[in-house]
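S.K.: got a predicted structure plus its sequence, pasted below:
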Amino acid sequence: MGRFNPMGKILVAMTESVLDVQKAIAHCRSEDCGAEILFIGTVRNINEGRAVSAVNYDGHKVLGEKILLELCLEAQAQWGDNMNFWVEHRLGVLKVGEESLLIHVTSPHRDSAYQASRYLIEQIKLRLPVWKEEIYWEGDTEWLKGQILNQI
Amino acid sequence: MGRFNPMGKILVAMTESVLDVQKAIAHCRSEDCGAEILFIGTVRNINEGRAVSAVNYDGHKVLGEKILLELCLEAQAQWGDNMNFWVEHRLGVLKVGEESLLIHVTSPHRDSAYQASRYLIEQIKLRLPVWKEEIYWEGDTEWLKGQILNQI
Amino acid sequence: MINVNISLYGAFRRLGVQQLSLEISDESTVADLRDCMAKYLENIDANISVHLVKTSAFATDERVLKEEDRVAGLKCLAILPPVCGG
Amino acid sequence: MINVNISLYGAFRRLGVQQLSLEISDESTVADLRDCMAKYLENIDANISVHLVKTSAFATDERVLKEEDRVAGLKCLAILPPVCGG
């Protein structure tokens, strides 16, 4: 079994639907994986001192899902082919407190689960084609600055 | 507001009841916390080469809950008074795949959430008065070796 | 000359359209396309800075493109501003 | 002499009782209690190693005790083997 034929399960999505923690947990649960790490990103009520009422997430769905799959395969190659992944980024207008991102990782041991989870969120910030337009209580909006995408 | 009067919420429990991910998430969600990390420990089907059918978790409930609270306060003191915590350890006989431990941490930023989550699991392994008796498919049982408790 | 359609994302949504249609030479690279797009936006006096065009990547549905990649024959082109998911 | 009840956890559950009752002198420290318990277990030929007693901590409901702590007056004593939660 090489890196391109892993035993662990992977599901990725860029979606307008509400994210589903229970499905993520059910997907990744495995009797040989005793450590499960779920990262949830939510819309925060304040950013750089301004009161946020909602965030409009724009994303390139086809390329984005391809990149999420690549990231999970990279994590399996580095930390274990038997790890399972569920990564979903939500798109559209989300109110404060709503879930924008789920990254769920399960592994036989906790160290690899923490490392893979952290790797995924950091790489998502650098490589996933998603953009945020913040909508402020004062009524104006702003597309946030971000990380320049590099070809790999 | 000092370290002993934090703004964040803390709930800890040593319990025979099934652990509840949804309650943990609802308890810790906060509009100023954009990063949420949930660690779930589950019973693994194999340990040191032996096929496990279940694990009997024994624990000192009163002292254990006191220590879990101390650990959360230590994490708030180190990474942020506005962080929220839900930490539950289950006791009793659990089958393979069942959830034995939930550690849920929410924070304004992901770095502190990951660090606090990792701190809690590592300290729990060292300081929480809980013991595992593995029940093997072959019918025998064994109390696992562990970490010697030190007085703090 | 060929016609290319470029899908717009993020701050480029301010242009109010899903795609831009630009005419470039058959030999054009991604770098040429970037220059062409910057000039187009200056001409129409769009409220989009040249800096944003310079810091954006071009991509297909399959991958992020390199500056020297030839544009002719590529499908589903898009311009991707600096990203900020999560 | 005073009588102390010690709650049992983990591998000490093999003794088949919730608590042990031991008689120790009023002046006894946790270290003395540990010795007393080790001797008791040897006498009843329990299937518990002396090593387990030596590597266990004593505690109340409030805290893990130090070797030099006096036992008299402490409530809810327990012996805690090396831990392995999670």
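M.R.: Received it, and whenever you're ready, just let me know what you need. Numbering: from 1, shown residues only, chains lettered A, B, ... in the order given.
S.K.: how about the residues of chain A near chain C?
M.R.: A:41, A:57-60, A:62-63, A:66, A:89, A:100-101, A:121, A:124-133, A:143-152 (C-beta under 8 Å from any C-beta of the partner chain). (Each C-beta comes from the backbone N, C-alpha and C, glycine too.)
S.K.: from the residues you listed, which land in strands?
M.R.: A:41, A:57, A:58, A:59, A:89, A:100, A:101, A:130, A:131, A:132, A:133, A:143 (DSSP state E).
S.K.: considering those residues, which possesses the most neighbours?
M.R.: Tallying neighbours with other C-beta atoms under 10 Å in any protein chain shown puts residue A:130 at the head of these, with 28 neighbours.
S.K.: wait, it sits on residue C:84?
M.R.: Yes: with contact defined as C-beta atoms under 8 Å, residue A:130 and residue C:84 form a contacting pair (7.0 Å).
S.K.: show the backbone phi and psi for residue C:13.
M.R.: The phi/psi pair for residue C:13 (degrees, to the nearest 10) reads phi -60, psi -20.
S.K.: what about it, distance to residue A:143?
M.R.: Counting by C-beta to C-beta, to the nearest Å, the separation of residue C:13 from residue A:143 is 8 Å.
S.K.: now do the shared contacts for these two.
M.R.: residue A:133 (C-beta atoms under 8 Å, 6 or more residues apart in numbering or on different chains).
S.K.: does chain A sit close to stretch C:23-39?
M.R.: No: judged by C-beta under 8 Å from any C-beta, stretch C:23-39 stays clear of chain A, getting no closer than 9.2 Å.
S.K.: actually stretch C:45-62, sorry about that
M.R.: Yes: on the criterion C-beta under 8 Å from any C-beta, stretch C:45-62 is in touch with chain A at C:55, C:56, C:57, C:59, C:60, C:61, C:62.
S.K.: among those, which ones are buried?
M.R.: C:56, C:57, C:59, C:61 (16 or more other C-beta atoms under 10 Å in any protein chain shown).
S.K.: what's near enough to touch the second one?
M.R.: Listed by C-beta under 8 Å, 6+ apart, the contact partners of residue C:57 are A:148, A:149, A:150, A:151, C:64, C:65, C:79, C:80.
S.K.: contacting residues for the residue of chain C found nearest chain D?
M.R.: Using C-beta to the nearest C-beta, the single residue of chain C nearest to chain D is residue C:86, 28.7 Å away. By C-beta under 8 Å, 6+ apart, residue C:86 lies in contact with A:41, A:100, A:101, A:121, A:124, A:125, A:130.
S.K.: I'd like to know which of the residues you listed is nearest to chain D.
M.R.: residue A:121 (23.3 Å).
S.K.: which residues touch the closest one?
M.R.: Contacts for residue A:121 (C-beta under 8 Å, 6+ apart) come out as A:39, A:41, A:101, A:103, B:110, C:86.
S.K.: leaving out chain neighbours, which residue sits closest to the first one?
M.R.: Just to be clear, that refers to residue A:39. Once flanking residues are discounted, residue A:39 sits nearest to residue A:103: 4.2 Å by C-beta to C-beta, 6 or more residues apart in numbering or on different chains.
S.K.: if I look at the one you found, how far off is residue A:15?
M.R.: From residue A:103 to residue A:15 the distance is 14 Å (C-beta to C-beta).
S.K.: higher neighbour count, those two?
M.R.: residue A:103 (29 against 16).
S.K.: isn't that one up against residue A:119?
M.R.: No: in this structure, residue A:103 is not within contact of residue A:119 by C-beta under 8 Å, at 9.7 Å.
S.K.: per-residue confidence at the closest residue in space to residue A:145 that isn't next to it in sequence?
M.R.: In this structure, residue A:145 finds its nearest non-sequential neighbour in residue C:82, 6.4 Å apart by C-beta to C-beta, 6+ apart. We note a pLDDT of 98 for residue C:82 in this prediction.
S.K.: please apply the same query to the one 3 residues further on.
M.R.: The model reports residue C:85 with a pLDDT of 96.
S.K.: what pairs with the helix or strand bottoming out on mean pLDDT in chain A, parallel or antiparallel?
M.R.: Using mean pLDDT, DSSP states H and E, the weakest-scoring helix or strand in chain A turns out to be strand A:46-47, at a mean of 92. Sheet pairing of strand A:46-47 (DSSP bridges) gives strand A:50-59 (antiparallel).
S.K.: if we go by neighbour counts, what in the strand it pairs with is buried?
M.R.: Here strand A:50-59 shows A:52, A:54, A:55, A:56, A:57, A:58, A:59 as buried, counting by 16+ other C-beta under 10 Å.
S.K.: not counting its own residues, what contacts that strand?
M.R.: Residues from elsewhere that reach strand A:50-59 (C-beta under 8 Å, 6+ apart): A:14, A:43-46, A:89-96, A:100, A:128-138, A:141, C:9-10, C:13, C:85.
S.K.: which among those residues end up buried?
M.R.: If we count by 16+ other C-beta under 10 Å, these have these buried: A:14, A:43-45, A:89-91, A:94, A:96, A:100, A:128-135, C:9-10, C:13, C:85.
S.K.: where does the residue in chain C that chain B sits nearest to sit, in terms of helix or strand?
M.R.: Using C-beta to the nearest C-beta, the single residue of chain C nearest to chain B is residue C:86, 8.1 Å away. According to DSSP states H and E, residue C:86 maps onto no helix or strand at all.
S.K.: if I pick the residue found closest to residue C:17 once you drop the neighbours it is linked to in the chain, what's in contact with it?
M.R.: If the residues on either side of it in the chain are set aside, residue C:17 comes closest to residue C:8, at 6.8 Å by C-beta to C-beta, 6+ apart. Shown in contact with residue C:8 (C-beta under 8 Å, 6+ apart): C:15, C:17, C:18, C:19, C:20, C:78, C:79.
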